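Participant: Below is the sequence, then the predicted model.
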Amino acid sequence: MGIISEFKEFAIKGNAMDLAVGVIIGAAFGKIVDSIVGDLIMPIAGKVVGGLDFSNYYIPLAGQASGLALVEAKKLGAVFAYGSFITILVNFLILAFIIFLMVKQINRLKKAEPAPAPEAPPEEVELLREIRDSLKRG
């Protein structure tokens, strides 16, 4: 079996399509979470800690002044941009929590399928069991 036919078989199976749809939806969902964190949560958190934007929190490593915006400070040399990391970490935690809630809900909606009732044994088997039981008693 050639590699092309193997790939064709893989791509046609439902798993590859499900994965592609999941990646596309995940990317769109990631943008929504980025917007929630960047536009709603971080401004409030920034206001609570002094009105600064977390994305501009950094420690200068190349001796430049620390009052500049992060973009300007990076132009002057290396910076330890921990504010960007905090923002991305909050994005991740929110996304992970939302995915957890979604999986929990999906698992709750999936009902355990009841085990099928065992089939009635054939008449011959029933007769043989009756004979066996009567011989044990007698």
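Facilitator: Arrived safely. Numbers count the residues shown, from 1 in each chain.
Participant: Touching the stretch of helix or strand Ile131 belongs to from outside, list them.
Facilitator: Element membership for Ile131, per DSSP states H and E: helix 123-137. Contact with helix 123-137 is made by Pro121, as judged by C-beta atoms under 8 Å, 6 or more residues apart in numbering. Where you see a C-beta, it was placed from the backbone N, CA and C, and this is true even at glycine.
Participant: now Ile25, what's its secondary structure?
Facilitator: Ile25 carries the three-state label helix when classified by DSSP: H, G, I helix; E, B strand; the rest coil.
Participant: mind listing what it touches?
Facilitator: No contacts exist for Ile25 under C-beta under 8 Å, 6+ apart.
Participant: Could you export the helix holding Ile131 as CSV, CA atoms only?
Facilitator: The C-alpha coordinates for helix 123-137 follow below in CSV (Å, rounded to 0.1, in the frame of the first residue of the first chain):
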residue,chain,number,x,y,z
GLU,A,123,-35.9,-24.2,24.0
GLU,A,124,-33.5,-27.2,23.9
VAL,A,125,-31.2,-25.5,26.4
GLU,A,126,-34.2,-24.9,28.8
LEU,A,127,-35.2,-28.6,28.5
LEU,A,128,-31.7,-29.8,29.2
ARG,A,129,-31.5,-27.5,32.3
GLU,A,130,-34.8,-28.9,33.5
ILE,A,131,-33.5,-32.5,33.1
ARG,A,132,-30.3,-31.6,34.8
ASP,A,133,-32.1,-30.0,37.8
SER,A,134,-34.5,-32.9,38.1
LEU,A,135,-31.5,-35.4,38.2
LYS,A,136,-29.8,-33.3,40.9
ARG,A,137,-32.9,-33.5,43.0
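Participant: Now do it: distance to the chain's middle.
Facilitator: A distance of 57 Å separates the centroid of the chain from that of helix 123-137, by C-alpha atoms, centre = their mean, to the nearest Å.
Participant: Could you report the distance from the residue nearest the centre of the chain to Glu119?
Facilitator: With distances taken as C-alpha atoms, centre = their mean, the residue of the chain nearest its centroid is Ile99 (4.7 Å). Distance, Ile99 to Glu119, using C-beta to C-beta, to the nearest Å: 42 Å.
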